[in-house]
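In: Sequence first, then the predicted structure, then my questions.
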Number of protein chains: 2
Amino acid sequence: MERLMKGLEEQLREMGKIVDDALANYLSAKKPKYLYEASRHLPLAGGKRFRPIMAMLSCEAVGGNRLSALPFGIALELIHTFTLIHDDIIDEDDERRGIPSVHARFGESTAIIAGDLLFAKAFDALADLEVEPRILNKIMKELAEMTIQICEGQQMDLSFEGMDTLPEREWIEMIEKKTARLFEGSAMGGAMIGNGSDDEIKALNNYGRNFGIAFQLWDDCLDLIGGEKLGKPIGSDIKKGKRTLMVLHLFATGNERDKREFKSILGDVEAEDGKIGEAIDILNSNGSIDYVRNRALLFSSNAKKSIEKIADSTAKDFLIQLADYAVERDK
Amino acid sequence: MERLMKGLEEQLREMGKIVDDALANYLSAKKPKYLYEASRHLPLAGGKRFRPIMAMLSCEAVGGNRLSALPFGIALELIHTFTLIHDDIIDEDDERRGIPSVHARFGESTAIIAGDLLFAKAFDALADLEVEPRILNKIMKELAEMTIQICEGQQMDLSFEGMDTLPEREWIEMIEKKTARLFEGSAMGGAMIGNGSDDEIKALNNYGRNFGIAFQLWDDCLDLIGGEKLGKPIGSDIKKGKRTLMVLHLFATGNERDKREFKSILGDVEAEDGKIGEAIDILNSNGSIDYVRNRALLFSSNAKKSIEKIADSTAKDFLIQLADYAVERDK
């Protein structure tokens, strides 16, 4: 496992570099200078590039050339980044990947425009995709649909604010839209570009969706246990009062004293480290963090199972390792 | 002329209805309810649908079937509307087309998301375009590029705030990006969908750009002389301190007393009707409104000249009338 993981990290670095270079190319600096600085700020500040990498590996796993999926991958990364920029405005998050968020640095107006520009650039990139027209139309529809669902998920997330009880099913639906749908589309689109069979496309579709849910659940865990590695301070979700699955689990299963204590800290932006530590302890002793971690492991395992029937290949190996990495990474 | 104009208005209503119906179809209400209400609020509140109509007429003018350009027209209208929603947030405009703007009604967060959703829907519509792949790729690039230029223009407009001197050339460049580029793309894209020749595409491209500049200049005039017909109170641009070409003309050519007086009113959101009337009188007596009106007429005339060499047809006639209408309309 250790050896394989090392191989994966090297692979991620290598493919990430290809994405970085192409991205920089699509986002060359133009006038007005201030707008392009704002637009380049987040996408060129690094990132794991999971979505384009998943698209390229999926393409290769069904027999295609991974590079043929690159324009699609760039479109995915641009859409991901543009939604982050607009989300940060909405959530009033002033930090992202350890640097000031776009609106914190360039002001809200320019941040709105910069996000719009990146979204437009996504279709600029997509137009460079060389596939047969039937597939291009499908992928365009798919990319539009993914973004629509991200919007729906973001609105659902907004509407969950302040709620203490919420069925897990509804919460998962929000995550499916807000996070998992883009991964689903990444894997599926990659398979379509690689001319995969209907079965292969369906398998990778399932892989991507399960991966995406696992990824988000683990992200929420990392906020509590991962220190500063996400580029934001530990427990920032608690300070912001975010309804993660851990919080919902505590509210559904915890004792009254714990819930009362936790609620007094949840959403307190001024809460000191000691208080945040207390809140995390409550989630821990209630088994809420373990619960979510186990859910993440289950979805990761489902992701791997989804592609069992796809022919073995190095790309498939990496996809399997990627599903492990999604719930083992520390950043 | 009177008779022709009547024919045009009937034509606009008829084609507008086709656009309205298709638009309602693309924007059917889904969940989350609040987001879809916000997304449908502006696009389904009516509108002149100039852009899709121009695309359809341009398609027909080169021998195509106007309805084949409809999905493209819908994409144009959705992009136009999404930029209005985001612009209204940025400009803090609480009214649009006589109704509350999206953020005024649904809050800023949902307005940002609703705009993003409409932008995504534009590509959803575009994917329904039935043209050969070479043209689809070109049109996708074109649509992305138009939106990028709208973003650039909006940022330029922002950066002009508070400026008293600005070369007309630079101001026109802003308008070319923020307004004219989308009209340019409407006409050009329509011609491409209709399988127009390179010369025809180029001619309609020029038509659209000149039309767009004329359209915007006349819009700025209407803000001063058009009463409540734009769906916003008269002189609202003055209250907001907007640097229109009229204002730049006054600053470049007016006497010191007039300029001092005008500046004391410009940007005063609390200014009463009497004060706004005074400001308009100053622009009038300095010839600044006439100057801009004449510029608008010139661009409109250039638009018509651009398509002189295109074969005569009913569609071409309507395009010519449309260029007149752009600078004669009272709303």
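Out: Happy to help now that I have it.
In: hey, let's count contacts and neighbours off CA atoms from now on
Out: Noted.
In: Which strand or helix spans whatever residue of the stretch 151-300 of chain A ends up closest to chain B?
Out: The nearest approach of the stretch 151-300 of chain A to chain B comes at A:Cys151, 5.8 Å away (C-alpha to the nearest C-alpha). Using DSSP states H and E, A:Cys151 sits within helix A:133-160.
In: how about that helix: buried residues?
Out: For helix A:133-160, burial by neighbour count (16 or more other C-alpha atoms under 10 Å in any protein chain shown) applies to A:135-158, A:160.
In: Show the average pLDDT along it.
Out: For helix A:133-160, the mean pLDDT works out to 96.
In: Following element in sequence after it, please.
Out: Counting by DSSP H and E, what follows helix A:133-160 is helix A:168-175.
In: Can you tell me what sits against that following helix?
Out: Helix A:168-175 is contacted by residues A:152-154, A:156-157, A:213, A:216, A:245, A:248 when judged by C-alpha atoms under 8 Å, 6 or more residues apart in numbering or on different chains.
In: Same question for stretch A:192-209.
Out: A:58-60, A:62-66, A:68-69, A:131, A:135, A:176, A:180-181, A:183-188, A:191, A:302-307, A:310.
In: residues in the stretch 101-250 of chain A within reach of chain B, list them.
Out: A:109-110, A:112-114, A:116-117, A:120-121, A:123-124, A:127-128, A:132-133, A:137-138, A:140-141, A:144-145, A:147-148, A:151-152, A:154-156 (C-alpha under 8 Å from any C-alpha of the partner chain).
In: Can you show me the helices along the stretch 151-300 of chain A?
Out: All helices of the stretch 151-300 of chain A, identified by DSSP state H, counting those that start in this stretch, fall at A:168-175, A:181-193, A:198-225, A:236-239, A:245-253, A:256-265, A:273-285, A:288-306.
In: Single out the most deeply packed of the ones you listed.
Out: Among those, helix A:181-193 has the highest mean neighbour count (mean count of other C-alpha atoms under 10 Å in any protein chain shown), at a mean of 29.
In: Leaving aside the residues adjacent along the chain, what's closest to the residue nearest the centre of chain A?
Out: By C-alpha atoms, centre = their mean, chain A has its centre lying nearest to A:Thr179, at 5.2 Å. Leaving aside its chain neighbours, A:Thr179 sits nearest to A:Gly212 (6.0 Å; criterion: C-alpha to C-alpha, 6 or more residues apart in numbering or on different chains).
In: for A:Ile79, same thing?
Out: That would be A:Phe119: by C-alpha to C-alpha, 6+ apart, it lies 5.6 Å from A:Ile79.
In: ok, that neighbour touching A:Glu77?
Out: No - between A:Phe119 and A:Glu77 there is no contact under C-alpha atoms under 8 Å: 9.8 Å.
In: what's A:Leu8 in contact with, if anything?
Out: A:318, A:321-322.
In: likewise A:Leu126?
Out: So, once contact is read as C-alpha under 8 Å, 6+ apart, A:Leu126 ends up touching A:71-72, A:74-75, A:140.
In: Please, which helix or strand holds the residue lying closest to A:Lys304 once chain neighbours are set aside?
Out: Distances taken as C-alpha to C-alpha, 6+ apart put A:Ile320 closest to A:Lys304, at 5.5 Å, once the chain neighbours are dropped. Here A:Ile320 sits within helix A:314-325, counting by DSSP H and E.
In: Let me know the angle separating that helix from helix A:198-225.
Out: 30 degrees (axes from the mean of the first three to the mean of the last three C-alpha atoms, to 10 degrees).
In: Let me see the mean pLDDT of helix A:314-325.
Out: So the average pLDDT for helix A:314-325 ends up being 97.
In: do the same with stretch A:261-269
Out: 95.
In: Then stretch A:290-306?
Out: 97.
In: Also stretch A:279-286?
Out: Mean predicted lDDT for stretch A:279-286 stands at 96.
In: confidence score at the residue nearest to A:Ile79?
Out: Value for A:Phe119, per-residue pLDDT: 98.
In: same question, the one 3 residues further on
Out: pLDDT, the model's per-residue confidence, is 98 for A:Ala122.
In: now it, nearest residue through space, not along the chain?
Out: A:Ala75 (4.0 Å).
In: so what's A:Gly153 up against?
Out: A:Gly153 makes contacts with A:173-178, as judged by C-alpha under 8 Å, 6+ apart.
In: could you redo the last one with a cut-off of 7 Å?
Out: A:Gly153 is in contact with A:174-175, A:177-178, counting by C-alpha atoms under 7 Å, 6 or more residues apart in numbering or on different chains.
In: same check, this time on A:Ala69
Out: A:Ala69 touches A:55-56, A:59, A:190, A:193, counting by C-alpha under 7 Å, 6+ apart.
In: just A:Met156 next, same as before
Out: A:174, B:32.
In: Please point out which parts of the helix holding A:Ile320 sit buried.
Out: A:315-316, A:318-325.
In: How about residues contacting it?
Out: So helix A:314-325 is contacted by A:5, A:8, A:57, A:60-61, A:211, A:300, A:303-304 (C-alpha under 7 Å, 6+ apart).
In: Kindly provide the distance from A:Gly46 to chain B.
Out: From A:Gly46 across to chain B, the span is 23 Å (C-alpha to the nearest C-alpha, to the nearest Å).
In: Can you tell me the SS state at that residue?
Out: Look at A:Gly46: counting by DSSP: H, G, I helix; E, B strand; the rest coil, its state is coil.
In: Could you find the closest non-adjacent residue to it?
Out: A:Asp20 (7.5 Å).
In: what's the burial count for that neighbour?
Out: Neighbours of A:Asp20 under the rule other C-alpha atoms under 10 Å in any protein chain shown: 19.
In: could you say which helix or strand contains it?
Out: Per DSSP H and E: helix A:2-26 holds A:Asp20.
In: now that helix against helix A:314-325, angle please.
Out: Using the same axes, to 10 degrees: helix A:2-26 against helix A:314-325 is 100 degrees.
In: how about helix A:2-26: buried residues?
Out: For helix A:2-26, a neighbour-count test (16+ other C-alpha under 10 Å) marks A:8, A:12, A:15-16, A:18-20, A:22-23, A:26 as buried.
In: continuing past it, what's the next helix or strand?
Out: helix A:33-41.
In: could you give the angle of that following helix to helix B:133-160?
Out: 120 degrees.
In: Many thanks, I have nothing further to ask.
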